[in-house]
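Participant: Okay, predicted coordinates and the sequence, questions at the end:
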Amino acid sequence: RGMGWYHALQLLNGEIPRARLSDVVEPFFLGAGKDLPPGKAFAKMAEDWKKKGVQFHASVDSGSLFSQATSSTKIALIAGRTCDNPGFFRQ
């Protein structure tokens, strides 16, 4: 588990006032890594978080991420490997 998970947990636990976790983008564990042991653990966590209203997406440009967007502010937290983050930001 990395910093993205930790910050998501902070949001879910209400530790960041006036903020809520609405979406998670996870390309590996929702794609090629879904059958690996960590991918299966991720799937279990995702099922628990879905009950709290969090939606999961395999990519930023999958079309589902902003399908229910409102006029309120939405902030993205990019928490990938340092070398991957510029590509995630461009998406």
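Facilitator: Done, it's in. The shown structure was predicted, so the numbers you read here are calculated from the model rather than taken from an experiment. Residues are numbered from 1 along each chain as shown.

Participant: do you know how far the residue nearest the centre of the chain is from Gly39?
Facilitator: Centroid-nearest residue in the chain, with Cα atoms, centre = their mean: Val24, separated by 1.6 Å. Separation of Val24 from Gly39 (Cβ to Cβ, to the nearest Å) stands at 14 Å. C-beta here means a position set from N, CA and C on the backbone, and glycine is covered the same way.

Participant: likewise Gln10?
Facilitator: For Gln10, the distance to Gly39 equals 23 Å [Cβ to Cβ].

Participant: who's more crowded, those two?
Facilitator: Set side by side, Gln10 and Gly39 show more neighbours around Gly39, with 17 against 13, by other Cβ atoms under 10 Å.

Participant: Name all residues that make contact with the residue of the chain most remote from its centre.
Facilitator: No residue in the chain sits farther from the centre than Ser71, which is 20.3 Å out by Cα atoms, centre = their mean. Contacts for Ser71 were tallied using Cβ atoms under 8 Å, 6 or more residues apart in numbering; there are none.

Participant: and it, that's in a strand?
Facilitator: No: Ser71 sits outside any strand when classified using DSSP: H, G, I helix; E, B strand; the rest coil, being coil.

Participant: Let me know the pLDDT of it.
Facilitator: pLDDT recorded at Ser71 is 74.

Participant: just Gly80 next, same as before
Facilitator: 76.

Participant: need the helices for the protein, in chain order.
Facilitator: Counting by DSSP state H, the chain has helices at residues 3-12, 37-50, 85-90.

Participant: can you pull the contacts of the residue nearest to the centre of the chain?
Facilitator: Contacts of Val24 (Cβ under 8 Å, 6+ apart): Gly4, Ala8, Ala46, Trp49, Val54, Gln55, Phe56, His57.
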